[in-house]
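Student: could you look at this predicted model? Sequence included:
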Amino acid sequence: MAFTSTETTDESELNTGWTGHWMNFDWVAEETATDTPETTQTTETTTAPYSDEAIADLLYMIEEEKLAGDVYEAFYKAYGLTIFDNIAQSEDSHFSALIQQAETLGIDTDQFVFEPAGTFVNEELQQLYDTLIATGNESVTAALEVGVAIEEKDIVDIAATIEDVAGTQLADVYQNLLDGSANHLEAFQDVLMA
C-alpha cells in the first residue's frame with residue numbers, strides 16, 4: 001500500500017476504515033443585566049454541557065493523537081530522521097493537552113495513559129496503526145507519506161470538531177492542535193520535496 005503526497009488525502013487511498021468522528025455540542029448564551037442607579041452591567045455566560053457523544057469523541061481524539069505520536073516514534077526508531085522525533089514530541093504534547101481536558105471533566109484516562117505504544121482501546125485505531133506502520137516500514141519515503149496522510153486527516157477531523165464545540169475551552173485546545181497539524185503537514189511535505 002502506498003500513499004501519495006497530495007493536497008487532500010482521499011479516504012479510499014488510505015483504505016483503512018478510518019472515519020471521522022464528530023462532536024455534538026449544545027451551548028447556551030445567557031445574558032444577565034444588573035440595573036443600579038449608577039451603572040448597568042451586562043454579562044454573557046457560556047455554559048458547556050457536553051453530551052455523552054461529545055465525551056466519547058474526546059476520548060477518540062485522545063487516542064487519535066496517541067496514534068500519531070506512536071507512529072512517528074516507531075519511524076524515528078526505524079529511520080533516525082529528526083523530523084519524526086520532533087513531531088512525535090509535539091504529538092505527545094497534543095495528547096497531554098487532551099488528557100488534561102478530559103481530567104478536568106472528571107473522566108478517567110488511565111486506559112490511555114498507561115496503554116503501551118502501538119496498543120489502542122479503539123479497534124478501528126488499532127487497525128489503522130497496524131496498516132500505517134506496515135506501509136511506512138516499506139521505505140523512508142513511504143513513512144514520510146504516512147506522516148502527510150495522518151496530518152491531512154487530523155486537519156479535517158479537528159476542523160470539524162472545533163466547529164461543533166465553538167466558544168468553549170475545548171475548542172481553544174483543538175485550535176492549537178489544528179495549528180500544530182498544519183505545521184507538521186508542511187514539515188513533512190518540505191522533506192518529501194527536498
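Tutor: Perfect, thanks for sending it.
Student: mind naming the longest helix for the chain?
Tutor: Ranked by number of residues, the top helix in the chain under DSSP state H is helix 52-79.
Student: buried set for it?
Tutor: By 16 or more other C-beta atoms under 10 Å, the buried positions in helix 52-79 come out as 54, 57-76. C-betas here are computed from N, CA, C, even on glycine.
Student: also stretch 147-162?
Tutor: Buried residues in stretch 147-162 (16+ other C-beta under 10 Å): 147-155, 157-158, 161-162.
Student: can you map out the helices along the chain?
Tutor: Under DSSP H, the chain gives helices at 11-14, 52-79, 82-104, 110-113, 123-136, 140-164, 169-193.
Student: next, format those as TSV and append mean pLDDT.
Tutor: Below are these laid out as TSV (pLDDT from 0 to 100):
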stretch	mean pLDDT
helix 11-14	36
helix 52-79	92
helix 82-104	96
helix 110-113	88
helix 123-136	97
helix 140-164	92
helix 169-193	95
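Student: how many neighbours does Asp172 have?
Tutor: 14 (other C-beta atoms under 10 Å).
Student: ok, it to Ala166 distance?
Tutor: Separation of Asp172 from Ala166 (C-beta to C-beta, to the nearest Å): 10 Å.
Student: center of this structure - which residue?
Tutor: Glu65 (4.7 Å; C-alpha atoms, centre = their mean).
Student: surely that residue touches Glu91?
Tutor: Yes - between Glu65 and Glu91 a contact is recorded at 5.8 Å, counting by C-beta atoms under 8 Å.
Student: residues contacting the residue nearest to the centre of the chain?
Tutor: Going by C-beta atoms under 8 Å, 6 or more residues apart in numbering, Glu65 touches 91, 94-95, 98, 177.
Student: could you identify the most distant pair in those residues?
Tutor: Pairwise distances across those peak at 10.8 Å for Glu91 and Leu98 (criterion: C-beta to C-beta).
Student: of the two, who's got more company?
Tutor: Neighbours per residue (other C-beta under 10 Å) separate Glu91 from Leu98, with Glu91 holding more: 27 against 24.
Student: once you drop chain neighbours, what's closest to the more buried one?
Tutor: Residue nearest to Glu91 in three dimensions, not counting chain neighbours: Gly69, with 3.5 Å by C-beta to C-beta, 6 or more residues apart in numbering.
Student: I'd like the distance between the one you found and Gln111.
Tutor: 16 Å.
Student: same check on Val156?
Tutor: 26 Å.
Student: go on, Ala68?
Tutor: 18 Å.
Student: alpha carbons of stretch 70-90, as CSV, please.
Tutor: Below are the C-alpha coordinates for stretch 70-90, written out as CSV (Å, rounded to 0.1, in the frame of the first residue of the first chain):
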residue,chain,number,x,y,z
ASP,A,70,3.3,6.2,18.4
VAL,A,71,3.6,6.0,14.6
TYR,A,72,6.2,8.8,14.5
GLU,A,73,8.2,7.3,17.3
ALA,A,74,8.3,4.0,15.5
PHE,A,75,9.5,5.7,12.3
TYR,A,76,12.2,7.6,14.2
LYS,A,77,13.5,4.3,15.6
ALA,A,78,13.4,2.8,12.1
TYR,A,79,15.0,5.6,10.1
GLY,A,80,16.6,8.0,12.6
LEU,A,81,15.1,11.1,10.9
THR,A,82,14.9,14.1,13.3
ILE,A,83,11.5,15.1,11.9
PHE,A,84,9.9,12.0,13.3
ASP,A,85,11.3,12.6,16.7
ASN,A,86,10.4,16.3,16.8
ILE,A,87,6.8,15.7,15.6
ALA,A,88,6.4,12.7,17.9
GLN,A,89,7.2,15.0,20.9
SER,A,90,4.7,17.6,19.6
